[in-house]
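K.L.:
Return atomic coordinates for the entry below.
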Amino acid sequence: MIISLFLPHVGVFGGVRRFIELGNTWTAMGHGVTLFHPEGTPPGWLPFSGTVRRLEAAAGLASDLAVCADASTFDAFLGHRAARHLYYCVIEGDPAAARAASLSHVRLAANSSALRGELERSSGRPVLDGIGGINLRHFRPDPARRAAAPLRVVLNGRRSRPKKGTDLLLAALTGLEGKVPPFEIVLFDTIGPENRQDPRDGARLPRNARFFLGPTQEDLVRLYQSAHVFAAAERKAGWCNTALEAMACGAAVVCTRSGTCDFARDAQNALVVPVRHPWFLRRALRRVLADPTLRERLGSRAATDAEPWSWEILALRLLEQVVKN
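P.N.:
Here you go, the predicted model:
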């Protein structure tokens, strides 16, 4: 099968990772995959094994399947000659989802149960199961990297996107100093053309917090593996890559329901906070930082529970649905 993927850029974002990882998996399965985006340059942070072309080239080429997930490349996606067009909804409130749903020849998919149900209700159309996504060859436990003390809490440090909840988590953690065993906070982010804001600017960092900017994928894996706790307080997320990546590496995860409802089970493999507020986040964080047995139990179960969500399983399931439907 010839597959065309459409992206607005190839910067360090979860939605970009989804297309790169799926493209790599389909290529490994023997399919021909081309990634179209405005610059036409290969991703610099994650290897891509398919072909990369400028977005404008899509109009002169054809494929068996075209896949798009954003409004800015939607017209190019529609103008591309493909036997099947698939719009993949990956965020809440996607501005292009309604337009895609209004076109009978464009099929719909979503990357979480919550988004899938919402899109089915709003469109009155079937939505393919595009749920999942984790690279289990990279993200895996290595307990030897987890120091005995101090405890390490890892956060997504992308403060340029308030929906990530970084400042809420910092506020929650600030109130825990002296009430739990000693801990440090490590926040990661990447500054680039698509994310120019330095997350350190204006950050109200506790004295035990520091940023790790521009981690490589190997750095990111090691950071997750060294974490005793990973916390995510997202809203309007489709699929929280970072929470599942941390779980796959054996960290105890504290999270909100946004983007995690398919894989996070409260008190089983994570602590799921019912309300996105520092008070509730602090309560869950205090509990997991103070209880080593709980951390070990959550982390062990989390690593096992990440296994059904691999890119390989998702890539095969998506193509089976596309061909069948």
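K.L.:
All the strands of the stretch 101-250 of the chain, residue numbers only.
P.N.:
106-110, 128-129, 151-156, 183-189, 209-213, 229-232 (DSSP state E, counting those that start in this stretch).
K.L.:
which one of these has the most crowded surroundings?
P.N.:
Of all the strands of the stretch 101-250 of the chain, strand 229-232 has the most neighbours on average by mean count of other Cβ atoms under 10 Å, namely a mean of 28. The C-beta positions use only the backbone N, C-alpha and C, and glycine is treated the same way.
K.L.:
What pairs with it, parallel or antiparallel?
P.N.:
Take DSSP bridges as the rule and strand 229-232 pairs in its sheet with strand 151-156 (parallel), strand 252-255 (parallel).
K.L.:
Now render those as a markdown table, adding mean pLDDT and distance to H228.
P.N.:
Below are those laid out as a markdown table (pLDDT from 0 to 100; distance: least, Cβ to Cβ, whole Å):
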| stretch | mean pLDDT | distance to H228 |
| --- | --- | --- |
| strand 151-156 | 98 | 5 |
| strand 252-255 | 99 | 7 |
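K.L.:
The ones you listed into CSV, with extra columns for distance to D219?
P.N.:
What follows is the strands paired with strand 229-232, written out as CSV (distance: least, Cβ to Cβ, whole Å):
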stretch, distance to D219
strand 151-156, 12
strand 252-255, 19
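K.L.:
To V16, which of those lies closest?
P.N.:
strand 151-156 (15.0 Å; Cβ to Cβ).
K.L.:
what's the angle between the closest one and strand 183-189?
P.N.:
Using axes from the mean of the first three to the mean of the last three Cα atoms, to 10 degrees, the inter-axis angle of strand 151-156 relative to strand 183-189 is 20 degrees.
K.L.:
packing partners for the host helix or strand of Q321?
P.N.:
Element membership of Q321, judged by DSSP states H and E, is helix 311-324. In terms of contacts (3 or more Cβ pairs under 8 Å, 6 or more residues apart in numbering; DSSP states H and E), helix 311-324 is packed against helix 14-28, strand 106-110, strand 128-129.
K.L.:
Quick one: distance of the last one to the chain centre.
P.N.:
Relative to its parent chain, strand 128-129 has a centroid offset of 18 Å by Cα atoms, centre = their mean, to the nearest Å.
K.L.:
Please tell me how far the most centrally placed residue in the chain sits from A144.
P.N.:
In the chain, the C-alpha closest to the average C-alpha coordinate belongs to N241, at a distance of 2.4 Å (Cα atoms, centre = their mean). Applying Cβ to Cβ, to the nearest Å, the value for N241 to A144 is 24 Å.
K.L.:
and of the helices and strands packed on helix 311-324, who's closest to V275?
P.N.:
helix 14-28 (23.6 Å).
K.L.:
And that closest one, what does it pack against?
P.N.:
strand 2-6, strand 32-37, helix 241-248, helix 311-324.
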